[in-house]
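K.L.:
could you work out the structure for the sequence below:
(one chain, ligands or ions: 2)
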Amino acid sequence: MKTFANTIRCAGQAFFKVYRFNKSIVLLSLFISLMVALQSNINIFLSKWIVDQLSANNLYSLLGSIALLITFQLVRLVLESYSTLKNGRMHMEFAVHCENDLIDLVAKTELLDKEHPQYTGDFSYWSFINGKYLESYTTVTQLAKQSLIAAISMGYLLYYHLYIGLLALLVGTSKGIYDLYAVQRRAVINEKLMRQARVYHYYFDLLTGSQTQKEMTLFQLVPYFRQKWMRKKNEANALSMQLEKLNLKRQASGELLSIISSGIVIVIIAILIFRGSLTIGDYVAITMALTMTEGNITMMFVSISRLTENAAHIERLHKIENDVHAAIHEPVQNELKPFRFQDKLRICNLTFRYPNRDEPALTDINAEIGKGEMIAILGENGSGKSTLIKMLLGLYRSDSDSIFYDGVSIRLLDRSGMWSKTSAVFQDYIKYMTDVRDNIAVGNVAEVHNTNKLHSVLAKVGLSKTFEHGLETKLGMLEDNAVNLSGGQWQRLALSRVFISDKHELVVFDEPTSALDPVSEVRMMNEMLEHCRGKTVLMVSHRVGIARRADRIFVMESGRIAESGTHDDLLREHGLYHEMWHQQKQWYD
Ligand SMILES: Nc1ncnc2c1ncn2[C@@H]1O[C@H](COP(=O)(O)OP(=O)(O)O)[C@@H](O)[C@H]1O
Ligand SMILES: [Mg+2]
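P.N.:
Residues are numbered from 1 along each chain as shown. Ligands and ions are numbered 1, 2, ... in the order given. Just a heads-up that it's a prediction; the model follows:
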């Protein structure tokens with residue numbers, strides 16, 4: 001009962017969501033569906049009339065009814081084509097509308113949740129269920145049409161030939177119930193298929209993608225991954241076969257039931273005609289009404305089961321949307337404080353653990369960073385440098401008050417205001433496969449058309465002569481005339497994003513020069529530090545030579561700040577920094 005109420009509620013929600021989106025098209029298609037339903041039933045009466053006139057040799061009446069039959073068919077054709085065209089357009093527009101909602105949902109989802117491996121699966125499910133509103137709306141319209149056709153044709157049968165009417169009801173319902181069962185089995189298999197598809201698509205992309213070919217060739221990995229792909233693909237094919245068999249079985253048993261019922265009906269009618277209580281026209285009308293009643297009752301069951309299945313998905317989507325909103329513990333907008341960093345950044349007992357990890361990535365971090373200071377952060381892989389940076393930039397939300405900008409907890413700060421005054425070059429920066437212009441301007445999209453500024457930035461990162469078509473040079477792999485860049489060139493472009501704005505108060509570099517040659521590295525560092533004069537800079541680097549230039553150095557180890565101080569302080573401590581310095585010293589001597 002609860003499921004039924006749910007189905008009606010969600011089907012109603014889906015219908016009204018589409019109705020609000022485009023009232024006139026929805027009303028129009030509903031009207032046309034009902035007209036088509038009426039026409040189907042009028043067909044029965046006209047056919048009966050035509051056959052009876054034929055038997056009575058009534059030529060004028062016969063021609064008149066044939067003309068009427070053809071006219072109705074033509075009107076139906078025109079109406080249906082018009083509706084299909086209008087609906088096709090609305091479907092596309094509504095799909096865009098839903099995708100926009102999906103983009104919003106993703107944007108509102110916490111970064112930490114998006115970095116969780118489960119997110120990839122969740123997202124494909126979100127995209128899948130996002131299409132369910134439209135499907136439910138279409139099903140509701142179809143259900144209205146099916147109900148009207150079935151009701152009139154069954155009414156006709158029940159009124160004139162009660163037993164035949166009851167038989168149609170019985171056969172239609174049994175086929176429907178069988179279909180209902182098959183639909184549920186199908187849903188289970190389809191879900192499994194979706195999960196399989198993710199994996200074999202991944203293997204297929206590995207085998208065929210242009211980025212993967214280097215390793216595929218050198219390590220001669222094609223046979224290895226082909227085998228993995230084949231295995232998954234075969235598993236998926238076996239599932240598809242199950243689905244196919246299920247469909248065949250359903251179709252065959254439905255047909256069988258229909259054949260038996262038509263057989264019975266033909267016998268009954270033959271007897272009635274023989275006795276003279278039925279005309280040939282009645283025979284035509286009864287068989288048509290029988291097929292229509294049976295078929296539409298079965299389809300009504302399928303529609304209802306589809307609505308039930310979709311209701312479950314739509315409910316899930318509502319729950320996801322609510323969860324995403326609930327996860328935003330952000331105080332209401334007018335309680336948020338503007339971001340200011342004129343004095344100092346204070347980190348107090350900061351501990352952080354990724355939800356899918358047992359060990360904390362950061363443990364009890366305490367530090368103070370004054371405005372305008374340059375801090376270098378060193379430490380081996382996995383010691384928590386990138387995590388610390390993401391916390392300081394407010395990219396991961398913390399529930400406790402442990403990061404303060406000018407005394408205000410980051411929890412209370414207007415984060416978008418903060419992000420417009422901060423800049424970062426991440427370790428895994430994005431290589432935008434558009435053009436050079438975009439690759440620089442993403443650092444401050446307001447400047448995307450400021451060609452002079454973009455040129456001067458390009459010069460600062462040493463790329464002014466690199467691109468044949470200047471800022472308009474297409475990059476990456478998306479277009480035929482695009483060019484790919486070396487790791488170092490891509491990294492310079494990523495660095496250019498810091499130079500495009502002067503408004504930033506905090507600039508963060510996460511291993512910004514790891515792909516540059518040593519000479520370029522020194523030159524680039526000088527440029528960057530010159531540009532960042534007066535700003536606060538956090539610089540993650542493995543290079544002691546770069547760290548040495550910082551005002552202070554934090555050395556991280558297993559999520560803690562193990563050492564902190566100036567270059568000279570840390571050398572005197574004879575700890576980790578001292579060790580790194582001695583290992584790398586000869587590079588800088
Ligand atoms: N998104 C994530 N989800 C779960 N664990 C993560 C994630 N990112 C990093 N980690 C883990 O947190 C620890 C610190 O990582 P990270 O801050 O990236 O180190 P570093 O930048 O110093 O190399 C590591 O153990 C790493 O595996
Ligand atoms: Mg890192």
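
K.L.:
all helices for the stretch 151-300 of the chain, in order.
P.N.:
162-208, 213-218, 222-274, 280-327 (DSSP state H, counting those that start in this stretch).

K.L.:
which among those is found nearest to ligand 2?
P.N.:
helix 213-218 (22.5 Å; CB to the ion). Where you see a C-beta, it was placed from the backbone N, CA and C, and this is true even at glycine.

K.L.:
and the closest one, what's buried?
P.N.:
By neighbour count with 16 or more other CB atoms under 10 Å, helix 213-218 contains the buried residues Met216.

K.L.:
show me which of the helices of the stretch 151-300 of the chain has the highest average neighbour count.
P.N.:
Most buried of those by mean neighbour count (mean count of other CB atoms under 10 Å) is helix 280-327; its value is a mean of 19.

K.L.:
contacting residues around Lys460?
P.N.:
The contact partners of Lys460, by CB atoms under 8 Å, 6 or more residues apart in numbering, come to 496, 499, 527, 531.

K.L.:
do you know which of the helices of the stretch 151-300 of the chain lies nearest ligand 1?
P.N.:
helix 280-327 (16.1 Å; CB to the nearest ligand atom).

K.L.:
quick check: what element follows the closest one along the chain?
P.N.:
Note on helix 280-327: by DSSP states H and E, the next helix or strand toward the C-terminus is strand 344-352.

K.L.:
buried stuff in that next one?
P.N.:
345-347, 350, 352.

K.L.:
try stretch 392-405
P.N.:
Those would be 392-398, 402-405, for stretch 392-405 by 16+ other CB under 10 Å.

K.L.:
and for stretch 34-51?
P.N.:
Result for stretch 34-51 [16+ other CB under 10 Å]: buried residues 35-41, 43-51.

K.L.:
and that stretch, how far out from the chain middle?
P.N.:
45 Å (CA atoms, centre = their mean, to the nearest Å).

K.L.:
do I have it right that Trp587 meets Pro518?
P.N.:
Yes: look at Trp587 against Pro518 with CB atoms under 8 Å: they come within range, at 7.2 Å.

K.L.:
let me have the helices of the stretch 151-300 of the chain in CSV, extended by distance to ligand 1.
P.N.:
Formatted as CSV, the helices of the stretch 151-300 of the chain follow (distance: least, CB to the nearest ligand atom, whole Å):
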stretch, distance to ligand 1
helix 162-208, 19
helix 213-218, 22
helix 222-274, 25
helix 280-327, 16
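
K.L.:
tell me the spacing between the most far-flung residue of the chain relative to its centre and His567.
P.N.:
In the chain, Arg275 marks the outermost C-alpha relative to the chain mean, sitting 65.6 Å out by CA atoms, centre = their mean. In this view, Arg275 and His567 are 113 Å apart by CB to CB, to the nearest Å.

K.L.:
measure Val537 to ligand 2 for me?
P.N.:
Per CB to the ion, to the nearest Å, Val537 is found 17 Å from ligand 2.

K.L.:
same question, Gln142
P.N.:
Taking CB to the ion, one finds Gln142 at 54 Å from ligand 2.

K.L.:
what helix or strand is that residue on?
P.N.:
Going by DSSP H and E, Gln142 is part of helix 132-160.

K.L.:
how many neighbouring residues does the residue of the stretch 351-500 of the chain found nearest ligand 2 have?
P.N.:
Here the residue of the stretch 351-500 of the chain nearest ligand 2 is Ser386; by CB to the ion that distance is 3.1 Å. Neighbour count for Ser386, taken as other CB atoms under 10 Å: 19.

K.L.:
then it would be within a helix, right?
P.N.:
Yes: Ser386 sits within a helix when classified using DSSP: H, G, I helix; E, B strand; the rest coil.

K.L.:
show me where this protein dips below the pLDDT cut-off.
P.N.:
Along the chain, the model assigns pLDDT under 70 to residues 1, 328-334, 588-589.

K.L.:
how about the nearest residue to the residue most central in space within it, chain neighbours excluded?
P.N.:
Central residue of the chain (CA atoms, centre = their mean): Ser127, 3.9 Å from the mean position. Spatially, and ignoring its direct neighbours in sequence, Ser127 is nearest to Leu102 (6.4 Å; CB to CB, 6 or more residues apart in numbering).

K.L.:
re earlier: how about the residue of the stretch 351-500 of the chain closest to ligand 2, what does it touch?
P.N.:
Counting by CB under 8 Å, 6+ apart, Ser386 has contacts 426-427, 510, 540.

K.L.:
the same query, at a cut-off of 10 Å, please.
P.N.:
361, 377, 426-428, 508, 510-511, 540 (CB atoms under 10 Å, 6 or more residues apart in numbering).

K.L.:
partners of the residue in the stretch 201-350 of the chain that ligand 1 sits nearest to in the sheet?
P.N.:
Of all residues in the stretch 201-350 of the chain, the one sitting closest to ligand 1 is Leu350 (12.8 Å; CB to the nearest ligand atom). Judged by DSSP bridges, the bridge partners of Leu350 are Ile365.
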